[in-house]
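**Q** With the input below, show me the fold.
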Amino acid sequence: MRQKASKIKITIIEPSSNLKLSLPALHFTLISILASFGLLMKPIILKYAELDENIKNIIQKIDRSMIDELLRELKSIGPLDLVDVSTGDGTKVKISTL
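**A** Residues are numbered from 1 along each chain as shown. Prediction:
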């Protein structure tokens with residue numbers, strides 16, 4: 001039986017700016033709560049943020065059901081690396097479900 005994912009972990013290392021960011025693994029429930037807050041802020045962001053029209057259109061289309069579906073899919077797939085990028089200058093970005 002495949003294990004279900006329940007958290008997302010983000011790590012970013014950028015030697016040129018001496019940035020080392022390793023967020024603690026965030027449970028999908030917390031991500032859902034933060035997304036709800038983001039959806040409440042959406043009208044303000046769309047009104048006041050200086051964004052490209054394409055980005056504004058994308059943000060306008062995001063709704064609660066899309067976020068719920070994304071989290072459901074990530075849970076069902078199980079642990080995996082969503083992003084794992086390293087560059088020649090030592091920059092690394094890794095986003096994983098656990």
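
**Q** For the protein, give me the ranges with low pLDDT.
**A** 1 (pLDDT under 70).

**Q** could you say what helices and strands the helix ranked longest in it packs with?
**A** When the chain is parsed with DSSP state H, its longest helix is helix 28-48. Contact here means 3 or more CB pairs under 8 Å, 6 or more residues apart in numbering; DSSP states H and E; on that basis helix 28-48 packs against strand 7-14, helix 53-61, helix 64-77. Just so you know, the C-beta spots here come from the backbone N, C-alpha and C atoms, and that holds for glycine as well.

**Q** tell me the most buried of those?
**A** strand 7-14 (a mean of 16; mean count of other CB atoms under 10 Å).

**Q** Just the C-alphas of the helix or strand just after it, formatted as PDB.
**A** Going down the chain from strand 7-14, the next helix or strand is strand 19-22, by DSSP states H and E. Written as PDB, here are the backbone C-alpha positions of strand 19-22 (Å, rounded to 0.1, in the frame of the first residue of the first chain):
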ATOM      1  CA  LEU A  19      20.500  32.800   1.400                       C
ATOM      2  CA  LYS A  20      19.800  29.500   3.200                       C
ATOM      3  CA  LEU A  21      16.100  29.000   3.700                       C
ATOM      4  CA  SER A  22      14.700  25.800   5.000                       C
END
